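Q: structure for the following, please:
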Amino acid sequence: MESKESEYSVKPAAVFEHPLVLTFAQDVKGFLFNHIGALILFVFTCTSVLAVLLIFLFVAREAFPFLGKFSVVEFLTRNAWYPEASEGAEYGALALIVGSVYVTTIALAFSVPIGVLSAIFLSDIVSFKIRGIIKPIIEILAAIPSVAYGFFAVLVLAPWLQKHLGFATGTNALNSSLLLSIMALPTIISVAEDSISATGRDLREASYGLGATRFETMLKVVIPASHSGIIAGVVLGMMRAIGETMVVWMASGNASQIPHPWWDLSQSIRTMTASIAGEMGETVKGSDHYRSLFTIGLLLLVMTLLLNLVSEYFLSRARKSTGKS
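A: Reported below is the predicted structural model:
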């Protein structure tokens, strides 16, 4: 009889590991743990923000003496960059600025079509199994050190360009732009693919229901709906390219000149980042040359800050359009 009662005994529907009513000590303990954890995260966040601000202030402090001594307009509009001349040193950064924008624009011309088409392929065409294999491989490209890309550009791509395209030198604008486009691809593909996938099935099914083909759905519905995220990915890829140092230093030829004609990609150029990396170790601390390099660095910081604000704007629009704001 006892065994039958134990067999059919009623078991509780749920077992609570924690009591429903906390004691005063347990309440204080939970309160402290929650607020201490939030405080630790707040300190870490403020530390990272403070580190960025200190870097910006340090670069600005080193650059301001140069800006007070030389004309900012002449620095940004003059082409001659001869900071080490014994007499009449010239600090015209226009060729360096044009070189950075030049190789970045060419790199985006290669990487944006490939990146957007790859994002469409991963989000809507390929199966989930193959996507799980391809996407991690693409993201591995972002982990390859830039100096490895630079060695490839100098030892492999440069001789190939000279031999097959007849260039006078293989270290030129085309060489560095091709490598920068490869380095920007993981960012563009990842952000664009996330934005396209986030549009959801409802828009696609509504388009199919109206008789649109798969191509028409992608071209006229999905891409316009996810354009903010795609633009944000392009801007982030642009930041990756314009801030790159080792590849452009090793593969661009380091000639301080504005390409003429502009479409001749076989010409050597020089970028702002390559100038800082190549000349900082040879300058005397506190000299005009030293200060001018920090001024270029300050200009780079301002440009990347503006690009970051643009990308955040488009990312916020992409979140609102998908209901994730």
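Q: for the lengthiest helix in the chain, name the packing helices and strands.
A: The residue-count maximum for a helix in the chain (DSSP state H) belongs to helix 24-69. When contacts are defined as 3 or more Cβ pairs under 8 Å, 6 or more residues apart in numbering; DSSP states H and E, helix 24-69 packs onto helix 288-321. Just so you know, the C-beta spots here come from the backbone N, C-alpha and C atoms, and that holds for glycine as well.
Q: mind listing what's buried along the helix it packs on?
A: 288-301, 303, 307, 310-311, 314-315, 317-318, 321 (16 or more other Cβ atoms under 10 Å).
Q: OK, contacts around the nearest residue to Phe66 once chain neighbours are set aside?
A: Taking Cβ to Cβ, 6 or more residues apart in numbering as the measure, Phe66 lies nearest to Arg291, with 3.5 Å between them; neighbours along the chain are not counted. Arg291 sits next to Glu62, Ala63, Pro65, Phe66, Lys69 when contact means Cβ atoms under 8 Å, 6 or more residues apart in numbering.
Q: which one (most neighbours) among those residues?
A: For those, the largest number of neighbours (other Cβ atoms under 10 Å) sits with Phe66, at 22 neighbours.
Q: residues contacting that one?
A: Phe66 makes contacts with Tyr91, Asp288, Arg291, Ser292, Phe294, Thr295, as judged by Cβ under 8 Å, 6+ apart.
Q: check the residue nearest to the first one when sequence neighbours are not counted and give its pLDDT.
A: Put plainly, it is Tyr91. Excluding its sequence neighbours, the residue lying closest to Tyr91 (Cβ to Cβ, 6+ apart) is Ser292, at 4.8 Å. As predicted, Ser292 sits at a pLDDT of 93.
Q: same question for the one 3 residues further on.
A: What the model reports as pLDDT for Thr295 is 94.
Q: got it, and Lys324?
A: Confidence per residue is given as pLDDT, and for Lys324 that number is 56.
Q: how about Ser181, secondary structure?
A: helix (DSSP: H, G, I helix; E, B strand; the rest coil).
Q: related to what we said a few turns ago, show me the two of the contacts of Phe66 that sit farthest apart.
A: Between all members of the contacts of Phe66, the longest pairwise span (Cβ to Cβ) is found for Tyr91 and Phe294 and amounts to 11.9 Å.
Q: any idea how far Ala107 is from the residue nearest to Tyr91?
A: Between Ser292 and Ala107 the distance is 26 Å, computed by Cβ to Cβ, to the nearest Å.
Q: same thing with Ala184?
A: In this structure, Ala184 lies at 6 Å from Ala107, with Cβ to Cβ as the measure.
Q: now do the shared contacts for these two.
A: With contacts taken as Cβ under 8 Å, 6+ apart, the residues that reach both Ala184 and Ala107 are Ala241.
Q: walk me through the domains of the chain.
A: What automatic domain parsing lists as the domains of the chain is 24-63, 93-321.
Q: straight-line length of stretch 154-170, end to end?
A: End-to-end distance of stretch 154-170 (Cα to Cα, to the nearest Å): 8 Å.
Q: just the buried residues of it, please?
A: Val154, Leu157, Ala158, Leu161, Gln162, Phe167, Gly170.
Q: redo those residues as CSV? Include distance to Ser190.
A: Conversion of the buried residues of stretch 154-170 to CSV gives the following (distance: Cβ to Cβ, whole Å):
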residue, distance to Ser190
Val154, 28
Leu157, 25
Ala158, 29
Leu161, 29
Gln162, 34
Phe167, 33
Gly170, 31
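Q: the residues you listed: which two are farthest apart?
A: For the buried residues of stretch 154-170, and using Cβ to Cβ, no pair is farther apart than Val154 and Phe167, which are 13.8 Å apart.
Q: shared neighbours, the two?
A: Applying Cβ under 8 Å, 6+ apart, one finds that no residue jointly contacts Val154 and Phe167.
Q: measure the residue nearest to Phe66 to Ile231 for me?
A: For Arg291, the distance to Ile231 equals 36 Å [Cβ to Cβ].
Q: once you drop chain neighbours, what's closest to Lys135?
A: Take Lys135 and drop its neighbours on the chain: the residue closest to it by Cβ to Cβ, 6+ apart is Leu122, 5.9 Å away.
Q: surely the one you found meets Glu193?
A: Yes. Using Cβ atoms under 8 Å, Leu122 is in contact with Glu193, at 5.0 Å.
Q: overlap of the contact sets of the two?
A: Common contacts of Leu122 and Glu193 (Cβ under 8 Å, 6+ apart): Lys135.
Q: compare these two (neighbour count), which wins?
A: Glu193 (26 against 22).
Q: what's near enough to touch the more buried one?
A: Glu193 makes contact with Ser118, Ala119, Leu122, Ser123, Lys135 under the criterion Cβ under 8 Å, 6+ apart.
Q: quick check, the fourth one in contact with Ser197.
A: Yes. The criterion here is Cβ under 8 Å, and Ser123 meets it with Ser197 at 4.6 Å.
Q: all set now, cheers.
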